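Engineer: any chance you can model this:
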Amino acid sequence: MSRGYRFGLLGHNIAYSKSPSIFSVLAEIRNADIRFDLIDIAPDRLASNIDRLKALDGFSVTIPFKESLMPYMDDLSDEVRTIGAVNSVKVASGKMRGYNTDAIGFIVPLREAGFGGGRILILGAGGAARAVIHAFNSEYPHANIIVCGRTPDHVARFVAEIARRYPIAETLRGLTFNAIDLSEEYDLIVNCTPAGGAAHSEECPLPDSFAFAGRPICYDLVYEPASTVFLVRATQAGCGVIGGLSMLVRQAVESYTIWTEDDFDRDAVTEEISARLHRATKGDNS
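Structural biologist: Numbers count the residues shown, from 1 in each chain. As a prediction, this is how the structure comes out:
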């Protein structure tokens, strides 16, 4: 067995997180000695907990710290500098280097679903949407992207920010949610909002009258619950669906390789972790 590692997840109100389960399975697969803790702190307590974070070997980062943690990093990966958010931190010799594994975590399940590009509707104009667009910029540079945000000003600022960072901005335009064409056809719809998540489980980011015309692939970044209102409606409309757990597992595997420099078949391990979690959810202990 390898040396012992101490990892964790930094966030707030994260008792629902599946990250401990993911790393428990990963530890078993890789025969690794891992302790994984949830580090749940209030946003105004971040500065006083930095030394606690530096005592770890690595940690994942979720809401609300993906941007506010960046000034505490000793170094940043190119992805973090471009996306503007950190979701994975490696600690070595008391120094913290920030990474972003959300983009690769997002794009791998989409590749496996056979998506080839086309017309894309992104619901939400925040940090998650930035990571998604970062992935699209290299993987599907000719995609036609529409981003929906809360207000015209919010969307305009988001599109302007993307235009400064990515060539794909030439095909990007912004809308407010109430301006979505309800009968428009898309090849892919991505939910980057909290709608449907644990605190908003009855919500759907799209109105009831949305037609899911053309039967697009529907991808929800929410992973708890697994079957969100958005994905249930998409399934009923005959669409292909991808749940957020696929992205969560892959980005966790990518983070583990950064923290440990362990070399293995990440596709195979991701598939095995997802399968075991699915069986556990269904109550199958075989």
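
Engineer: going forward, measure contacts and count neighbours with C-alpha atoms only.
Structural biologist: Noted.

Engineer: residues contacting the helix or strand harbouring C148, please?
Structural biologist: C148 is located in strand 144-149, with elements delineated by DSSP states H and E. With CA atoms under 8 Å, 6 or more residues apart in numbering as the test, strand 144-149 has contacts from 118-125, 155, 171-177, 180.

Engineer: list the contacts of the spatially closest residue to F59 that is not a sequence neighbour.
Structural biologist: Leaving aside its chain neighbours, F59 sits nearest to G8 (4.6 Å; criterion: CA to CA, 6 or more residues apart in numbering). The contact partners of G8, taken as CA under 8 Å, 6+ apart, are 35-39, 56, 58-60.

Engineer: just curious, which of the residues you listed is nearest to H12?
Structural biologist: For the contacts of G8, the residue nearest H12 by CA to CA is I39; the value is 7.9 Å.

Engineer: quick one: which of the contacts of G8 sit in strands?
Structural biologist: 35-39, 58-60 (DSSP state E).

Engineer: just the buried ones from the residues you listed?
Structural biologist: Among the ones in strands among the contacts of G8, the ones that count as buried by 16 or more other CA atoms under 10 Å are 36, 38-39, 58-60.

Engineer: hmm, back to that, may I see the buried residues of the strand holding C148?
Structural biologist: Applying 16+ other CA under 10 Å to strand 144-149 flags 144-149 as buried.

Engineer: how about those residues in TSV, adding distance to V91 and pLDDT?
Structural biologist: Putting these into TSV (distance: CA to CA, whole Å; pLDDT from 0 to 100) gives the following:
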residue	distance to V91	pLDDT
N144	39	91
I145	36	93
I146	37	94
V147	35	95
C148	36	95
G149	35	92
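
Engineer: could those be laid out in a markdown table, adding distance to Y223?
Structural biologist: A markdown table is the format used below for the buried residues of strand 144-149 (distance: CA to CA, whole Å):
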| residue | distance to Y223 |
| --- | --- |
| N144 | 26 |
| I145 | 23 |
| I146 | 23 |
| V147 | 21 |
| C148 | 21 |
| G149 | 21 |
